[in-house]
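**Student:** curious how this folds, go ahead:
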Amino acid sequence: MEALKNAWYVAAWPEEIDEGNLVGRTILNEPILLYRKTDGTPVAIGNRCPHRFAPLHLGRHLGDTVRCGYHGLEFGEDGRCARNPHGNGTTPSHASVPTYPLVEKHSMLWIWMGSEPADESLIADEFAFVADPQRAHVKGSLNVKGNYMLLVDNLMDLSHGLYLHAGTLSNEQMQESFLPKAHVEDGVVYCNREQPGIAPPALWVPSLPSGTETVDYFSNLSWHQPSNVIHPVGCRIVGKPEGVDGGVGSRSAHMFTPETDTTTHYFYSNSRDYGVDDPEADKRIRGVLERVFGTEDAPMIEAQQQMIGDVDLNSLRPAVIPSDRPMVLVRRQLAKLIAAEKARTAEQQPATGRRDRDEVTPDAVPVG
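**Tutor:** Take a look at the predicted model:
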């Protein structure tokens, strides 16, 4: 898989990992088990039992350890077998699973998949708004049968919204002045768009002052390594600053975590500073997001993946149009990061970030 390994990916929403439950999830083609210790600390270890390779998430959560549901071997947060219920109880010395740094930050659970030391400073503080108690939040997730970069492309090039989401997120007037500007700054790819004096898209009409016929529309994007995007978007009252005299906007976070080469975990959070205590607004926005992401974006990307097959998109020499610039910049930035990572790996720097599973050989396992 062409993906940055020494990076933080969103593994789950914190509320997905309740005390007592076990969550199995594949990330970068690796089977991961997520659970919480009795003190609430989140843990990520390998999900494949080294005995007969059964998935540990089908076992039982026992305090700070996990019992395999197949033969009862138990594993703790250090990945080593904590108990062998068979024979004389001797713990197999080579029975262990990988361990992964896992941190809870900005109301998300982030996992570090590489072997280099986990650097928490690489989790961008720009995502702090996802945990802001002064804002309303609508969260969700999807599993999409498409490579994660196709989802990043889809969001960084919002010209598709003029067609795929016409009538909801866009209108015909937007096509007349669609001129996004993209640039790279400190490794972050930005794409900004201003469309002043246009009719508001249907999504925003219920939240604007009654009778608002034109607005100054804005839609800005920023890509943060390895595959996360922030999207402030909304409508200003013509000639007014954002949020003044009834202008409305939202700020959303989109985290695309590779599951396999052709499937992706898509976590999204839409937040707003208007109608914070309005359950009807939550319901309306949730419905729009589920329709837009689940019944428009996802089916198109999955169909796109089927057409591309198991090759890299760029190997097919796709035609390029002006609105492709943001996603081209993203792919270039990511390619540089991956190339640098491969170079470091080739130099065989010490691996201290996570501990891989020890090799298990039959003669290392006590019998009887």
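**Student:** mind checking the end-to-end distance for stretch 62-78?
**Tutor:** Using Cα to Cα, to the nearest Å, the end-to-end distance of stretch 62-78 comes out at 15 Å.
**Student:** over to stretch 45-62?
**Tutor:** Per Cα to Cα, stretch 45-62 runs 15 Å from first to last residue.
**Student:** now it, how far from the chain's geometric center?
**Tutor:** Relative to the mean C-alpha coordinate of its chain, stretch 45-62 is positioned 24 Å out (Cα atoms, centre = their mean, to the nearest Å).
**Student:** also stretch 151-163?
**Tutor:** That offset, for stretch 151-163, works out to 17 Å (Cα atoms, centre = their mean).
**Student:** now do it: everything it contacts.
**Tutor:** For stretch 151-163, the external contacting residues (Cβ atoms under 8 Å, 6 or more residues apart in numbering) are 144, 169-170, 174-175, 178, 180, 189, 191, 193, 219, 221, 223, 227, 229, 231, 254, 256, 264, 266, 297, 300-301, 321, 323-324, 326-327, 330-331. Where you see a C-beta, it was placed from the backbone N, CA and C, and this is true even at glycine.
**Student:** can you flag the buried ones in the residues you listed?
**Tutor:** 144, 169-170, 174, 178, 180, 189, 191, 193, 219, 221, 223, 227, 229, 231, 254, 256, 264, 266, 297, 301, 323-324, 326-327, 330-331 (16 or more other Cβ atoms under 10 Å).
**Student:** mean confidence for stretch 142-160?
**Tutor:** Averaged over stretch 142-160, pLDDT sits at 97.
**Student:** for that stretch, buried residues please.
**Tutor:** So, applying 16+ other Cβ under 10 Å, buried residues of stretch 142-160: 144-160.
**Student:** next step: those restricted to helices.
**Tutor:** 148-156 (DSSP state H).
**Student:** those residues into CSV, with extra columns for distance to residue 285?
**Tutor:** Converted to CSV, these look like this (distance: Cβ to Cβ, whole Å):
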residue, distance to residue 285
148, 25
149, 27
150, 25
151, 20
152, 23
153, 24
154, 20
155, 17
156, 22
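**Student:** closest to residue 277 among those?
**Tutor:** Set against residue 277, the nearest of those by Cβ to Cβ is residue 155 (28.8 Å).
**Student:** list the buried residues of stretch 212-222.
**Tutor:** Buried residues in stretch 212-222 (16+ other Cβ under 10 Å): 212, 215-222.
**Student:** what is the most widely separated pair among the ones in helices among the buried residues of stretch 142-160?
**Tutor:** Counting by Cβ to Cβ, the most remote pair of these is 148 and 156, 12.5 Å apart.
**Student:** which positions in stretch 120-140 come out as buried?
**Tutor:** 123-124, 127, 129-131, 135-139.
**Student:** save those residues as JSON lines, and put in secondary structure and distance to residue 13 too.
**Tutor:** Listed next are the buried residues of stretch 120-140 as JSON lines, based on DSSP: H, G, I helix; E, B strand; the rest coil; distance: Cβ to Cβ, whole Å:
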{"residue": "123", "secondary structure": "coil", "distance to residue 13": "15"}
{"residue": "124", "secondary structure": "coil", "distance to residue 13": "18"}
{"residue": "127", "secondary structure": "helix", "distance to residue 13": "13"}
{"residue": "129", "secondary structure": "helix", "distance to residue 13": "15"}
{"residue": "130", "secondary structure": "helix", "distance to residue 13": "10"}
{"residue": "131", "secondary structure": "helix", "distance to residue 13": "11"}
{"residue": "135", "secondary structure": "coil", "distance to residue 13": "16"}
{"residue": "136", "secondary structure": "strand", "distance to residue 13": "16"}
{"residue": "137", "secondary structure": "strand", "distance to residue 13": "11"}
{"residue": "138", "secondary structure": "strand", "distance to residue 13": "12"}
{"residue": "139", "secondary structure": "strand", "distance to residue 13": "6"}
